[in-house]
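*Asks:* For reference, the sequence and a predicted model appear below.
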Amino acid sequence: MKKVLITGANKSIGFETARQLLQNGYYVYLGSRDLKKGEEAVNQLKTEGFTAVEVIQLNVSDAESVKAARIEIGKKTAVLDALINNAGIHGGMPQAALEATIDQFKETFETNVYGVVRMTQAFFDLLEKAEQPRIVNVSSSGCSLTLHSDPSWKYYTHKAAVYPASKAAMNMYTIDLAYELRDTPFKVNAVCPGFVATDFNNHRGTGTVQEAGARIAKYAMIGPDGPTGKFISEEHNPETGECPW
């Protein structure tokens, strides 16, 4: 049975991704910053008939928490087939370039960028033991420099200085990581789940968590001929799936 660790998986897109991977026969380590909420999420999945799931207390912005999670999972398995870096924060408002504070940037990058680096480095030794290891960094088409520079893009006026900057930085890390692992079985991609109605955006999104979970799960399960080092947004480009950087 393949095993996957998903950060920020106690609700919304992360939770639905966990459900869909369970449906595909994966064992899921459900990462949750709040242990109680994580336990509630696991109990919900178990009421749906899924048993191959357990909660891992995990705060990606805390190095000691990541280290403790690595030790805990290492006691349970010697191999991790997929890591989904889903945990992220919005960064608060306002996010205008002349009003956003340095503290906002620091806090957001701590989770959205440094958290991804921490997780990847901490769990790499388990991932490299898998036959077809996969890393999915959950991104957003809203961090595309190309799209945000295009006045014809439908979300051109939806500017924010903090959150998109953090995800753009994470995308660059994804490119570098995929390059370093280019001669290995790893597949590393940044995947946008779409503009989904969740607490994250006060339910202003137009997509569903089911659609989002399917998009992320897909790239955690891709075969050896699948892409790597790509920025994927099937909402933006249904034909090829690729999103401009």
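*Replies:* Received the coordinates, thanks.
*Asks:* Of all the residues in the lengthiest helix in the chain, which ones are buried?
*Replies:* Ranked by residue count, the top helix of the chain under DSSP state H comes out as helix 163-180. By 16 or more other CB atoms under 10 Å, the buried positions in helix 163-180 come out as 163-171, 173-174, 177-178. All C-beta spots, glycine's among them, are computed from the backbone N, C-alpha and C.
*Asks:* For those, which two are the farthest from each other?
*Replies:* Farthest apart among those by CB to CB are 163 and 178. That separation is 22.7 Å.
*Asks:* Pull the contacting residues for the spatially most central residue of the chain.
*Replies:* Centroid-nearest residue in the chain: residue 86, 2.5 Å away (criterion: CA atoms, centre = their mean). Residues in contact with residue 86, defined by CB atoms under 8 Å, 6 or more residues apart in numbering, are 6-9, 13-14, 17, 138, 216.
*Asks:* Quick check: of those, which lies closest to residue 42?
*Replies:* residue 9 (9.6 Å).
*Asks:* what secondary structure does the closest one sit in?
*Replies:* coil (DSSP: H, G, I helix; E, B strand; the rest coil).
*Asks:* Look up phi and psi at the residue of the chain most remote from its centre.
*Replies:* Computed with CA atoms, centre = their mean, the residue of the chain farthest from its C-alpha average is residue 98, at 28.7 Å. Backbone geometry at residue 98, expressed as degrees, to the nearest 10, gives phi -100, psi 0.
*Asks:* Tell me how far it lies from residue 145.
*Replies:* Note on residue 98: its distance to residue 145, by CB to CB, to the nearest Å, is 20 Å.
*Asks:* Run a quick neighbour tally on residue 194.
*Replies:* By the measure other CB atoms under 10 Å, the count of residues near residue 194 is 23.
*Asks:* Tell me the pLDDT of it.
*Replies:* What the model reports as pLDDT for residue 194 is 90.
*Asks:* Would you check that it makes contact with residue 235?
*Replies:* Yes. Contact criterion CB atoms under 8 Å: residue 194 and residue 235 qualify, at 3.8 Å.
*Asks:* Overlap in contacts, these two.
*Replies:* residue 207.
*Asks:* can you give me the helices for this protein?
*Replies:* For the chain, the helices defined by DSSP H cover 12-23, 35-47, 63-76, 102-112, 114-127, 145-148, 163-180, 209-220.
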